[in-house]
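Participant: sequence first, then the predicted structure, then my questions.
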Amino acid sequence: MSDILLTVRDVTVRFGGVTAVSGVSFDVRRGEFFAIIGPNGAGKTTLFNCLSGLVKYSGEIDFDGAPITGRRTEQIARRGIARTFQNLGLFASMTVLENVLVGRAAKIDSGFPSGLLWFGRARRADIDARQHAYEVLDVMGLAELAHTPIASLSYGTRKRIELAKAAVSSPQLLLLDEPVAGLNHRETEELVGSVLALKEAMGLTIALIEHDTFLVMDVADRILALNFGEPIGLGTPSEIQSDPRVVEAYLGSSEGARAAAAPAAGDGRGPDASAELRTGGTA
Ligand SMILES: Nc1ncnc2c1ncn2[C@@H]1O[C@H](COP(=O)(O)OP(=O)(O)OP(=O)(O)O)[C@@H](O)[C@H]1O
């Protein structure tokens, strides 16, 4: 089995006159925590939409040794790519467990004929799904909320339920689209803790889009930086942090790039732009 789970080769997306993603190539290794950063409009969400089969693109994407280019969203989900979105997709009147089980349904082939002919098997699948949903909630420390209606939970907890819903399909690759947007410090820590616990327990590979660069530098194994749809840097957090092109994109000036390349902060030669990137400068 190859060490590489996902390969993106020369992917380009155009919307009319706008090139949202331009010639992007990268690999994601099995078990890796991979992050995509970039200023507003850099093409991050569009790139995720390519991975989920939601937009048409030129180029090639392979997942787990086979092409997924041209595949429909449901086919890609069944192959093992799950995703959270920026907006919550939960049913407020349903319980936590019921919502999480909606995520499991994406994985199960419970078409009418098989449900009819294999009642015993379908019932078994339902029991297994519930058990697995409890296990996922338990890993996240949320099992006691299983029968609580979503409507009575805080926004931060709902975000974690959204995560459980994506994880319950036992994906190989979990795509997280700005999962901590709108969360306070404590809620952010809880959500990141849940992501890392799930990654460990389920052997997940994670790809994350995130504006909070401090968080990205803290959790990612490798980072891809985009600007105006183009890849401008790919490497470890420390490589990205000291990459003049990345710093320039964030600060919008070559002055920033020079400052980032400086050997140390506070040497009297200007602002420490790499510190800005480290501590969560606006993405
Ligand atoms: N459906 C669409 N139709 C036309 N243009 C689009 C569409 N979706 C995205 N774009 C444009 O493509 C570019 C990239 O957008 P995208 O949302 O991928 O960026 P992003 O990095 O995710 O931004 P943000 O951080 O603000 O979410 C932008 O110029 C955006 O306006």
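Facilitator: Nice, thanks for sending it over.
Participant: show me what the helix or strand residue 6 falls within is packed up against.
Facilitator: Using DSSP states H and E, residue 6 maps to strand 4-15. Under the contact criterion of 3 or more CB pairs under 8 Å, 6 or more residues apart in numbering; DSSP states H and E, strand 4-15 touches strand 18-29, helix 44-51, strand 58-63, strand 205-209. No exception for glycine: its C-beta is placed from N, CA and C like everyone else's.
Participant: starting from it, tell me which strands it pairs with and how they run.
Facilitator: Partners of strand 4-15 in the sheet, by DSSP bridges, are strand 18-29 (antiparallel), strand 58-63 (antiparallel).
Participant: tell me which of those strands lies nearest to the ligand.
Facilitator: Proximity of the strands paired with strand 4-15 to the ligand was assessed by CB to the nearest ligand atom; the nearest stretch is strand 18-29, lying at 3.2 Å.
Participant: and the angle for the closest one with helix 44-51?
Facilitator: 60 degrees (axes from the mean of the first three to the mean of the last three CA atoms, to 10 degrees).
Participant: quick one: buried residues of strand 18-29?
Facilitator: Buried residues in strand 18-29, counted by 16 or more other CB atoms under 10 Å: 19, 20, 21, 22, 24, 26, 27, 28.
Participant: cool, stretch 5-21 as well?
Facilitator: Across stretch 5-21, burial judged by 16+ other CB under 10 Å covers 5, 6, 7, 8, 11, 12, 13, 19, 20, 21.
Participant: same thing with stretch 75-84?
Facilitator: Buried, per 16+ other CB under 10 Å, within stretch 75-84: 76, 77, 79, 80, 81, 82, 83, 84.
Participant: can you check stretch 185-192 too?
Facilitator: Residues of stretch 185-192 classed as buried by neighbour count (16+ other CB under 10 Å): 187, 188, 190, 191, 192.
Participant: what's the answer for stretch 229-239, then?
Facilitator: Neighbour-count burial for stretch 229-239 [16+ other CB under 10 Å]: 229, 230, 231, 232, 233, 234, 237.
Participant: endpoint to endpoint, it covers what distance?
Facilitator: 20 Å (CA to CA, to the nearest Å).
Participant: show the average pLDDT along that stretch.
Facilitator: Averaged over stretch 229-239, pLDDT sits at 95.
Participant: how about the residue most central in space within the chain, what does it touch?
Facilitator: What sits nearest the mean C-alpha location of the chain, by CA atoms, centre = their mean, is residue 176, with 2.1 Å. Counting by CB atoms under 8 Å, 6 or more residues apart in numbering, residue 176 touches 83, 84, 163, 166, 195, 206, 207, 208, 209, 210.
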